[in-house]
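Colleague: sequence and predicted structure, then a few things I'm wondering about:
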Amino acid sequence: MRKFLRIRIAFIFLLLPFFTNAQTDVNQATTNSDAVVKYPQFQFKGLFQARFLGALSDNVDVLGLHHSTGEVTQSSFDIKRMRVGLNTKLSENTEVAILVNLADFKSDPKTKVLENAYAKYTFNKYFAITGGQFRPAFGIEELVPVDIIKSFDFSNQYYEFGKNGWTSFQIGASATGSFDLGKVPVSYAVSVLNGNGKNQEKDKDNGKLYSTRLVFGLSKLHKINLGLNGGSGKVFDQDVFALGADITSDFVLNDAFTFDLQIEYKQGTNHNLYFSLPAEARTKNANDYQMRGYYIMPNLRYRINYKKLSSLELSCRYESFDTSFKLNSNVRQTYTPMISLEFGKAYTGRIEMGFEIDRFDKNIPDTTMYNDNLFIIQFQCRL
């Protein structure tokens, strides 16, 4: 009996190393597997933008408002953005994003502050769906964060189309994806939106805005992309529309210099203007009030990589925009020359200096439709 017991104990000790090694291999495999697919994954983001503004035109303040009488604020420091964001990847296919701009507390925060609040599920490269509050794809600027654009801020047309529900932060759903059309890569976005801005309790009516964007990669070498946008919908039983086209390119001139160019055109119903007018002061058709405009923005980048200074950029955006070109037309031409110093990588630190010069066909006293010249120094940090 004792001999049999000793044999059993010896047999166990003989096999024990094999069990130990096998368990170790299982643990290592589990650990390695967890290292690859461990969820949730968190990515924190932040952006700080502060500016000094100097108005150089008589009787026009730093916000572009003309004053016939009274004192005018012609110099001011301003916090443009103080954003904090969190992107959470819940699984390989599911992500949730939130973005707030704390600088919006400086004015009435109602319908402000919260910017991104959406969930996205990616089935594959051909199809993904996003729902919540986000920036729908309807042009170049909607796909680029404001902290890496080549100018001080987005264009006039971006904000005006945002007021009409096509761009900026909107509530709705969107399907996106990419595929190849022969040898041409194509990406698409199809969106359905409430169309009345961010942080709204509900849609203002039963009408919705439907939009589509297609981007064709025409040249991989020079990164030439052609974008086409179209949209239609109803606002308080009025038919509305929007359309646009844009092209981007990026040319590497040599090891130090690169040159990129953006050109964009948009046109659409300005139903925001239409419904802001008294019923007796407007026509019966909202499409009598149409906005249209275009901008051209060349940018020259010189890589320096001297100590902490990464690059020097020179840009000058020219924009022509009319909020109602069919009735009471008043074209606004805006020139925005700017020089930018980049510190670190991907605009981690950035100092920008330049001008915003507005010229209107007709100056309207005591409004923002008045010629002005604004000097701007802007500093930003991002993570």
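Modeller: Nice, thanks for sending it over.

Colleague: chain center to stretch 153-164, what's the gap?
Modeller: Here stretch 153-164 shows a centroid-to-chain-centroid distance of 11 Å under the convention CA atoms, centre = their mean, to the nearest Å.

Colleague: buried sites along that stretch?
Modeller: The neighbour-count check on stretch 153-164 (16 or more other CB atoms under 10 Å) flags 153-158, 160-164 as buried. C-beta: built from backbone N, CA, C; applies to glycine.

Colleague: run through the stretch 101-250 of the chain and note the low-pLDDT ranges.
Modeller: The stretch 101-250 of the chain contains no residues with pLDDT under 70.

Colleague: quick one: the strands in it, in order.
Modeller: For the stretch 101-250 of the chain, the strands defined by DSSP state E, counting those that start in this stretch occupy 114-124, 127-134, 170-181, 184-193, 209-219, 224-235, 238-252.

Colleague: what's the closest of these to Ile148?
Modeller: strand 238-252 (13.3 Å; CB to CB).

Colleague: in the next helix or strand along the chain from that closest one, what's buried?
Modeller: As assigned by DSSP states H and E, the chain's next helix or strand after strand 238-252 is strand 257-269. Buried residues in strand 257-269, counted by 16+ other CB under 10 Å: 258, 260-262, 264-269.

Colleague: and of the residues you listed, the nearest to Asp246?
Modeller: When these are compared against Asp246 (criterion: CB to CB), the nearest one is Glu264, at 3.9 Å.

Colleague: was I right about that closest one contacting Tyr295?
Modeller: Yes: with contacts counted by CB atoms under 8 Å, Glu264 reaches Tyr295, the gap being 5.8 Å.

Colleague: anything in contact with each of those two?
Modeller: With contacts defined as CB atoms under 8 Å, 6 or more residues apart in numbering, the residues adjacent to both Glu264 and Tyr295 are 155, 157.

Colleague: what separates stretch 300-309 from the chain centre, distance-wise?
Modeller: On CA atoms, centre = their mean, the centre of stretch 300-309 falls 25 Å from that of its chain.

Colleague: contacts for it, please.
Modeller: Identification of contacts with stretch 300-309 by CB under 8 Å, 6+ apart yields 255-260, 310-315, 341-344, 349.

Colleague: please pick the buried ones from those.
Modeller: Neighbour counting by 16+ other CB under 10 Å classes 258, 260, 310-311, 313, 315, 341-342, 349 among the contacts of stretch 300-309 as buried.

Colleague: packing partners for the host helix or strand of Asn272?
Modeller: Using DSSP H and E, Asn272 sits in helix 271-276. Helix 271-276 is packed against strand 238-252, with contacts defined by 3 or more CB pairs under 8 Å, 6 or more residues apart in numbering; DSSP states H and E.

Colleague: mind listing what's buried along the strand it packs on?
Modeller: Buried residues in strand 238-252 (16+ other CB under 10 Å): 238, 240-250.

Colleague: which single one of those residues is nearest to Ala286?
Modeller: The nearest member of these to Ala286, counting by CB to CB, is Gln238 at 4.1 Å.

Colleague: specify the beta-bridge partners of that closest one.
Modeller: Beta-bridge partners for Gln238, by DSSP bridges, are Val235.

Colleague: and if you look at Ser211?
Modeller: With DSSP bridges as the rule, Ser211 is bridged to Ser191, Gly231.

Colleague: skip the chain neighbours and tell me the closest residue to His67.
Modeller: Asn59 (5.2 Å; CB to CB, 6 or more residues apart in numbering).

Colleague: and the gap between the one you found and Asp366?
Modeller: Note on Asn59: its distance to Asp366, by CB to CB, to the nearest Å, is 10 Å.
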